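> 3D, please:
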Amino acid sequence: MTDIGAPQAADRVELGGSGVSVPPLGVGTWAWGDKGTWGMGGYDPSFTEATIAEAWQASIAAGVVLFDTAEIYAKGESERIIGRLLAQDPSVRDKVVIATKFMPTPWKVAVTAALTSAARASRDRLGIDTIDLYQIHGPISLRSHEALAEALAEAHRQGLVKAVGVSNYSMKETRSIDAALRKRDLRLASNQIEFSLLRTMPETSGLLACCKELGVVPLAYSPIGQGRLTGKYSASNPPPKSRTFSNHPMTEVDKIVAELRRIGTANGDKTPSQVALAYLIAKGAVPIPGAKNRAQAEENAGALNWRLSAEDLAALDAVALYGQRGISERFWQHG
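Residues are numbered from 1 along each chain as shown. From the prediction side, this is the model:
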């Protein structure tokens, strides 16, 4: 039975006054086409484009219609896979929300030309007329926020994108680019950040509160710690070394998974992943877990239609980790 008032796929939040809206849960497609970190067709032979198609279909059937990709994911192959899926059934284009990202590497000094060119290339790989949400992939550009905002505004003026966002931005950076966009009659729609029970820094630092104040939707990537919070891995069976995000000692992770299992059992046999995703939704974020196949997509969708109690949330807060502060966060992950 659906919990009345609990987050459902039909609940939508609008992105920055753009007319584009998203459900409380999406799908991250970083793994789609990737043979290195995620082993598609390599060390994981069960992960194929056919299983991706099943994950796509199952997600859409469950109302989980936000799909997030990037130009650098598998050197554009993630976008191409989505393009092929859309070409197979064009009728779903009106249902899905496609988000992708521009990589603002420091040498792209002519940032407006670089961004609009990249947006056109992403649009072509995706096989769509307009990108629903276009994001700056990280705070690594040498150009000012005024210059980046102008580049996003130009892409919007050209009809390449509907809504604009950022990723890995700190509270200060979020306020700055939001202000620059507002000067150009645009709103910052989203900030995509690593946020999970293994990295609660976005909440404890005040970033989530800042996003709420500005009307910016926080998208949470690596919401189950690259598989660490599923219960599949443990101290005696760690995840592949290539999965560097949310990389904590598994002895610490095991304690969180134990609490996820306890709470899941008390809430109708929810899985650790479903509890971990429900936690983020309760915090006001839109998690975008990966899905390699139908089973994973259906499990992800099981985070909807129920909710954690205040006692459950407090118990998870008590075991959650703040997150690492390594070189990647000084250079890349500011949020």
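> Every contact and neighbour count from this point should use C-alpha atoms.
Fine.
> now Gln135, what's its secondary structure?
On the three-state scheme (DSSP: H, G, I helix; E, B strand; the rest coil), Gln135 is labelled strand.
> measure it to Arg80 for me?
Using C-alpha to C-alpha, to the nearest Å, we find Gln135 at a distance of 18 Å from Arg80.
> quick one, which of the two is more surrounded?
Set Gln135 next to Arg80 and count neighbours by other C-alpha atoms under 10 Å: Gln135 wins out with 26 against 21.
> Quick check, that one in contact with Lys101.
Yes - between Gln135 and Lys101 there is a contact at 4.5 Å, judged by C-alpha atoms under 8 Å.
> Quick one: list the elements packing against the helix or strand hosting Glu173.
Element membership of Glu173, judged by DSSP states H and E, is helix 171-182. Under the contact definition 3 or more C-alpha pairs under 8 Å, 6 or more residues apart in numbering; DSSP states H and E, helix 171-182 sits against helix 145-157, strand 188-194, helix 207-214.
> so of these, which one's packed in deepest?
Of the helices and strands packed on helix 171-182, the one with the most neighbours on average (mean count of other C-alpha atoms under 10 Å) is strand 188-194, at a mean of 27.
> mind checking pLDDT for the spatially most distant residue from the centre of the chain?
Distance from the C-alpha centroid of the chain, by C-alpha atoms, centre = their mean, peaks at Ser236 (28.7 Å). As predicted, Ser236 sits at a pLDDT of 81.
> Also Lys35?
With respect to pLDDT, Lys35 scores 85.
> And it, how close does it get to Ala235?
For Lys35, the distance to Ala235 equals 25 Å [C-alpha to C-alpha].
> These two: which is more packed in?
Using other C-alpha under 10 Å as the criterion, Lys35 and Ala235 rank with Lys35 on top: 15 against 12.
> any chance you could map the strands in the stretch 51-200 of the chain?
For the stretch 51-200 of the chain, applying DSSP state E, counting those that start in this stretch gives strands covering 66-68, 97-102, 131-136, 161-167, 188-194.
> Partner strands of the first one and their direction?
It stands for strand 66-68. strand 26-28 (parallel), strand 97-102 (parallel) (DSSP bridges).
> Make a markdown table out of those and add mean neighbour count.
Converted to a markdown table, these look like this (neighbours: other C-alpha atoms under 10 Å):
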| stretch | mean neighbour count |
| --- | --- |
| strand 26-28 | 25 |
| strand 97-102 | 23 |
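> so can I have CSV of these showing distance to Gly16 and mean pLDDT?
Output for these, formatted as CSV (distance: least, C-alpha to C-alpha, whole Å; pLDDT from 0 to 100):
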stretch, distance to Gly16, mean pLDDT
strand 26-28, 17, 98
strand 97-102, 14, 98
